[in-house]
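>>> build me a model from this:
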Amino acid sequence: MNPPNKKFALTLCVLALLGGGYWDLQKSHAVAAENKAPPAPPAQATDTLHFAANAPQLTFLQIQAVEARPVPLAEALNARIAYDDNRTARVFSPIAGRVLAIRSEVGKTVKAGDPLLVLDAPDYAAAVADSAKADADLLHKKNAYERAKQLLAIQGIARKDVEAAAADLKQAEAEAQRAAARLRNLHGSALTADGHFVLRAPLGGVISQRQVNAGSEVRPDATDPLFVITDPKHLWVLVDLPERQLDKVKVGQPVSIEVDAYPGESFAGKVDIIGDALDPVTRRFQVRCSVIDNQQKLKPEMYARVTPISSQQSDLPRIPNTALVTQGLYTYVFVELSPGVLQRRHVTLATQDSDYSYATEGVHAGERVVTHGALLLNSELSGQ
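The predicted structure is shown next:
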């Protein structure tokens, strides 16, 4: 090959290498652009709507303030409110009888020892009489034993008679102790003038249930308690935890509790116990949470929704999903800047469940967003 041809071939090789490098560089830029999240769209003047105070569009809108809430670790779990059995007493009558008077009502605060009802109970009168007879017999046997010892000292009685008196005294002491224990079990103290039995509160609290009336016959083997006394501020929340979400719940973990009676309001609780046994039918674990409700809004047997939350994450603005408007790759909400002035704003979401989304950018706690009617505003904005 002559020198001009060699120079031409060398030039072609250099151009080919430069072209390949350029192509590879453009391809890498394209891949990086695909992997990169789309940037937030620039705010425009047309993103804001202005309405007069009496504009008909405003009547179709619902606007509420955004609250900062803990980010959930899992979807809400079905649960129910229950009494805190560690602070609850279900009171039964320890003796059969007929109710003469009711001393306490539902909603009344009682202290330990306060009377609940009065019974005409023959068995109680018999127990008091037995105790009195046992005490009298004990005193008699004690005096007889003391006399026997004195007679033995002057050799006026045989030793076996002293031993018999000592045995009688032991039997009398045992019978007196048995009769006194029976009275203590009946919460009795002494025979009253009318011989009636008073059922008293075993602990302090509020009477939440009463299932007895004056004139009713009561028995110690009844199925339902006569009274339920509890501390209404301390409650349990019993959760049915699906097997697949067992790793989301730990003992001591905080939870958020919601009930239908108070929409939009949550109550803070924590996980106390996670059951070890899996129900083979429902495939659920029993989880017990505790909650302190100082306002006493929660009631036993209410259905609830319990959401496990992380104790290490900070709170984020929580937005109802009805407030979100999706357009292309972006999600928007309409924020009320002032009465009648609404701005469409791009938001970045951290997580989303069936009812709410949690935003990391675009909206702050305390700002008012349109929760119903956002699609109408978006159509109004697109028509400008």
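
>>> just checking, His364 touches Val66?
Yes. At 7.1 Å, His364 and Val66 qualify as touching, with contact defined as C-beta atoms under 8 Å. To be clear about C-beta, it is placed using only N, CA and C from the backbone, and glycine gets the same treatment.

>>> how is the protein divided into domains?
Split into domains by automatic domain parsing, the chain comes to 45-69+315-382, 77-84+232-308, 97-120+196-230, 122-193.

>>> part of a strand, is Ile143?
If you look again at residue 143, you'll see it is Asn, not Ile. No. Secondary structure assignment (DSSP: H, G, I helix; E, B strand; the rest coil) places Asn143 in helix, not in a strand.

>>> give me the spatial nearest neighbour of Lys149, chain neighbours excluded.
Using C-beta to C-beta, 6 or more residues apart in numbering and skipping the chain neighbours, the partner closest in space to Lys149 is Val162 (6.2 Å).

>>> same deal with Asn78?
Asp240 (5.5 Å).

>>> mind listing the strands for the stretch 101-250 of the chain?
Ranges of strands within the stretch 101-250 of the chain are 109-110, 115-120, 197-200, 205-210, 217-218, 227-230, 234-242, based on DSSP state E, counting those that start in this stretch.

>>> the longest one to strand 205-210, inter-axis angle?
Orientation of strand 234-242 against strand 205-210 (axes from the mean of the first three to the mean of the last three C-alpha atoms, to 10 degrees) gives an angle of 60 degrees.

>>> please report how far the residue nearest the centre of the chain lies from Ala181.
Nearest to the mean C-alpha position of the chain, counting by C-alpha atoms, centre = their mean, stands Val237 at 3.6 Å. Distance, Val237 to Ala181, using C-beta to C-beta, to the nearest Å: 40 Å.

>>> and what of Ala158?
In terms of C-beta to C-beta, Ala158 sits 35 Å off from Ala181.

>>> ok, Ala277 next?
Ala277 sits at a distance of 39 Å from Ala181 (criterion: C-beta to C-beta).

>>> got the contact list for Ala82?
235-238, 300-301 (C-beta atoms under 8 Å, 6 or more residues apart in numbering).

>>> okay, it: pLDDT?
Note for Ala82: predicted pLDDT of 96.

>>> averaged pLDDT, stretch 128-136. What do you get?
86.

>>> centre of the chain to it, how far?
Taking C-alpha atoms, centre = their mean, to the nearest Å, the mean C-alpha location of stretch 128-136 is offset from the chain mean by 50 Å.
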